[in-house]
Every structure is written in C-alpha cells, then in structure tokens.
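S.K.: Got a predicted structure here, sequence first:
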Amino acid sequence: MKGDVETYHENGTWKNKVEGNSQASSTHDTKDAASAKGREMAAERGVEHIIRKQDGTIGERNTYPRERDPRNVPG
C-alpha cells in the first residue's frame, strides 16, 4: 500500500485522496473532519499526509510513522 494521502477542498467539500487514485476516498463537511480522517489513513498506510489550504497551497505535511520524517528538525 503506497501513495501519500492528500486532504484538499473542492466544490465546497473537503476531501481525502490517495495519490494515484482518480477519485476521493472520503468527503467531509469540515476541514477538521477531513484532516482527522486523512491523518488516520496516512498512519495506517505509513505514508505522508499533505493538508492543503482552501486556496490549494500546502498548509501542512506530516510523515507517518513519525520516525520516517525526512526532515531533521524538532517538532
């Protein structure tokens, strides 16, 4: 199971999509709900979770499990 998980806003709905899939895996009314589900999906798969802002820019990136984070920065 590979493919990072992306949380993004489209047509008034927050969605989660696994990289390489053509359709969203889940849809949510709020960013918080979508982010929580996306985090869960990424942790289960052991991949990166990319959370986009409403304007489409990247707001946050998290690697799961945490020890696989390529950055050598605290936090």
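M.R.: Here it is on my side, so go on.

S.K.: How about the secondary structure of A33?
M.R.: helix (DSSP: H, G, I helix; E, B strand; the rest coil).

S.K.: Quick check: closest non-adjacent residue to it.
M.R.: W14 (7.0 Å; C-beta to C-beta, 6 or more residues apart in numbering). Yep, even glycine has a C-beta here, placed from its N, CA and C like the rest.

S.K.: again, but for Y8
M.R.: Closest to Y8 by C-beta to C-beta, 6+ apart is R52, at 4.3 Å.

S.K.: again with P65
M.R.: G46 (6.2 Å).

S.K.: what residue ranges in the chain score low on pLDDT?
M.R.: 1, 66-75 (pLDDT under 70).

S.K.: how about the helices in it?
M.R.: Secondary structure of the chain (DSSP state H): helices at 31-45.

S.K.: Contacts only, for V47.
M.R.: M1, K2, G3, D4, V5, T63, Y64 (C-beta atoms under 8 Å, 6 or more residues apart in numbering).

S.K.: Also A24?
M.R.: E10, K15, N16, K17.

S.K.: What is the most widely separated pair among those residues?
M.R.: E10 and N16 (11.0 Å; C-beta to C-beta).

S.K.: Looking at those two, which has the bigger crowd around it?
M.R.: Taking other C-beta atoms under 10 Å, E10 and N16 do not tie; N16 has more neighbours (26 against 13).

S.K.: Give me the distance between that one and E48.
M.R.: Look at N16 and E48: by C-beta to C-beta, to the nearest Å, they are 13 Å apart.

S.K.: which residues do those two both contact?
M.R.: Joint contacts of N16 and E48 (C-beta under 8 Å, 6+ apart) are V5.

S.K.: how about the strands in the chain?
M.R.: Counting by DSSP state E, the chain has these strands, from start to end: 5-10, 13-18, 26-28, 48-52, 58-63.
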